[in-house]
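1. Sequence first, then the predicted structure, then my questions.
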Amino acid sequence: MIEKVNPKHPDKIADRIAGAIVDLGYKLQDNPKIAVEVLIGHGVCYVIVETSVDFNKEDIENIITRIAGDMTKDIVLVPQDIHLSKNQEKEIRCGDNGIFKGTPLTDEQKKLSEIARFIYEKYPSDGKYILDNEKLIICQSNCKTEELKELYQDATINPLGDWTGGTDVDTGATNRKLGSDMADGVTGGGLHGKDLSKADVSVNIYAFLKAQETNEVVKISCAIGDKEVDGRPYEEIVNIAKDYIESIGGFEKFAEWGLF
């Protein structure tokens, strides 16, 4: 049983805005420290950024407009906590406490990911999809329900009829759709809106990739300041996550679909 939401779902719009801000941080500073939270809906976008980067608010406003359209923007920029900052002063060390789990993707999870992407290519607007054994549920905005029924005759499609979605219908918040992003690997912190020093990003990615490689469940715990995680230098885990993020086009692209 698995759920996927597409990149135009309000929660994913929030994730994408957060990811784009992290991308910008990496353009402005080597090894930036960033934690972004976004709440968006009904014409308003709130953004709080804890960071070492000297951001220009206008650049963040432009990101919001590009991804979510014209709306009222409330942006708060604050420096990173001094204790967190000192943790990373001399070397790359684990940036947070946490527990993490990577799980091999099932055929069902891969199948729904393919279905979600296929529908989104045809209808690039807010949508949510569920697969439970052979039970497929499709809620896709801004399309004719009859058109989808021709493609997926046995599915439950738009139970309330045709609808329009997006941030005028629903609110979105960063890291609220972790099941969609991480499948059965959901544990502690979220994937989005953070730099690579944060274990929520790097260790989650590392655990996911290791699980796909070994085809076994991977469980890891770590403490802030650890120099090694899972028997490896933390810097090595950060570099593995960095290569993965770069391979898919950055943090904003990562936020579109998560890990699968």
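-> Yep, that arrived.
2. Just give me the neighbour total for the closest residue to Leu28 other than its chain neighbours.
-> The shortest distance from Leu28 to any non-neighbouring residue, by C-beta to C-beta, 6 or more residues apart in numbering, is to Val53 (5.3 Å). Any C-beta I mention is one placed from the backbone N, CA and C, and that applies to glycine too. Applying other C-beta atoms under 10 Å, we find 21 other residues in the vicinity of Val53.
3. Wait, a helix at Val53?
-> No: counting by DSSP: H, G, I helix; E, B strand; the rest coil, Val53 is not part of a helix but coil.
4. check contacts around it.
-> Val53 makes contact with 24-25, 28-29, 32-34, according to C-beta atoms under 8 Å, 6 or more residues apart in numbering.
5. can you do 6 Å?
-> Contact analysis of Val53 by C-beta atoms under 6 Å, 6 or more residues apart in numbering lists 25, 28-29, 32.
6. ok, and the most crowded of the residues you listed?
-> Going by other C-beta under 10 Å, Gly25 tops these with 22 neighbours.
7. What pLDDT is listed against Leu196?
-> For Leu196, the pLDDT comes out at 96.
8. What about it, how many residues nearby?
-> Neighbour count for Leu196, taken as other C-beta under 10 Å: 25.
9. Assess the claim that it and Ile240 are in contact.
-> No: taking contacts as C-beta atoms under 6 Å, Leu196 lies outside contact range of Ile240: 9.9 Å.
10. other SSEs contacting the top helix by length along the chain?
-> Criterion DSSP state H: the longest helix present in the chain is helix 10-28. The contact analysis (3 or more C-beta pairs under 6 Å, 6 or more residues apart in numbering; DSSP states H and E) places helix 10-28 against strand 34-41, helix 57-68, strand 172-173, helix 251-257.
11. Go through it and flag the buried ones.
-> The neighbour-count check on helix 10-28 (16 or more other C-beta atoms under 10 Å) flags 10-26 as buried.
12. With stretch 142-150 instead?
-> Residues of stretch 142-150 classed as buried by neighbour count (16+ other C-beta under 10 Å): 143, 148.
13. contact partners of that stretch?
-> Contacts for stretch 142-150 (C-beta under 6 Å, 6+ apart): 123, 125, 138, 157-158, 162, 164.
14. Let's see that with 10 Å instead.
-> 8, 119, 122-127, 138-140, 155, 157-166 (C-beta atoms under 10 Å, 6 or more residues apart in numbering).
15. what is the rounded mean pLDDT of that stretch?
-> Stretch 142-150 comes out at a mean pLDDT of 95.
16. where along the stretch 151-260 of the chain do the strands fall?
-> 156-157, 172-173, 218-222, 228-229, 232-233 (DSSP state E, counting those that start in this stretch).
17. Okay, buried residues for the third one please.
-> If you call a residue buried by 16+ other C-beta under 10 Å, then strand 218-222 has these buried ones: 218, 220-222.
18. what lines up beside it in the sheet?
-> strand 98-102 (antiparallel) (DSSP bridges).
19. buried residues in the partner strand?
-> Judged by neighbour count (16+ other C-beta under 10 Å), strand 98-102 contains these buried residues: 98, 100-102.
20. now swap in stretch 233-248 and tell me
-> For stretch 233-248, the neighbour count (16+ other C-beta under 10 Å) marks 234, 237-238, 240-241, 244-245 as buried.
21. hang on, the earlier thing: quick one: the residue nearest to Leu28 from Asn31, how far?
-> As judged by C-beta to C-beta, to the nearest Å, Val53 and Asn31 stand 11 Å apart.
22. Check Phe118 too.
-> Separation of Phe118 from Asn31 (C-beta to C-beta): 38 Å.
23. how about the nearest residue to Gly41, chain neighbours excluded?
-> Excluding the flanking residues, the one nearest Gly41 by C-beta to C-beta, 6+ apart is Thr171, at 3.2 Å.
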